[in-house]
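Visitor: got a sequence here, can you model it:
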Amino acid sequence: MSARALALAGLLASASLQATEVGENAPLVVAAALDQAGEHRLEELGGKVVLVDFWASWCAPCLHALPAYAQLRSELGPRGFEVLAISVDEQRKDAERFLERRPVAVLLAHDPDGAWAKAFAVKVMPSSYLVDRNGVVQEVHLGYRAEELAALRSRIEAMLEPANE
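Guide: Numbering: from 1, shown residues only. Prediction:
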């Protein structure tokens, strides 16, 4: 196991035993932006449906998850959907190299100290949390399976309907 994987394993083991659950408010943590100067704040995305995705450059399923989520963002973004992809790589340059080879059009953040991962109690990579317009977690996805993407898209579309605002 790589040093990065060991570090994440230690971080995840130190997280609370209960992950952020469906029906709970998403943690309002701040992370350094990878795609611009400054930082990204989940609370600034209030009013949007947001998929918070934790990923790492060494995570094989992330190779497939990030582009799939970026495609959802491209198609559903104009209706109020956003993806906040948070790298847990210890070294920013590892995340940046990954993104140079696989650019994605989503909000990108860096969590080298694991503050966001710990707040969400991330246990596997990738992990994603579907957050409604009011900041409440509606779904938790552990890992990535392409066959579940259609169901995720349907759920997001339903959350974007005017009656669900």
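
Visitor: so for the residue minimising distance to the centre of the chain, what's the nearest residue that isn't a sequence neighbour?
Guide: Closest to where the C-alpha atoms of the chain average out (C-alpha atoms, centre = their mean) is Asp53, at 1.3 Å. Leaving aside its sequence neighbours, Asp53 sits nearest to Ser128 (C-beta to C-beta, 6 or more residues apart in numbering; 4.3 Å). The way it works is simple: take the backbone N, C-alpha and C, and place the C-beta from them, glycine included.

Visitor: the one you found in helix, strand or coil?
Guide: strand (DSSP: H, G, I helix; E, B strand; the rest coil).

Visitor: per-residue confidence at Arg153?
Guide: pLDDT for Arg153: 97.

Visitor: host element of it?
Guide: helix 149-160 (DSSP states H and E).

Visitor: with adjacent residues omitted, what lies nearest to Phe81?
Guide: Distances taken as C-beta to C-beta, 6+ apart place Val49 nearest to Phe81, at 5.0 Å, with adjacent residues excluded.

Visitor: so which elements touch the longest helix along the chain?
Guide: Taking DSSP state H as the criterion, the chain has its longest helix at helix 62-76. With contacts taken as 3 or more C-beta pairs under 8 Å, 6 or more residues apart in numbering; DSSP states H and E, helix 62-76 sits against strand 49-55, strand 81-87, helix 149-160.
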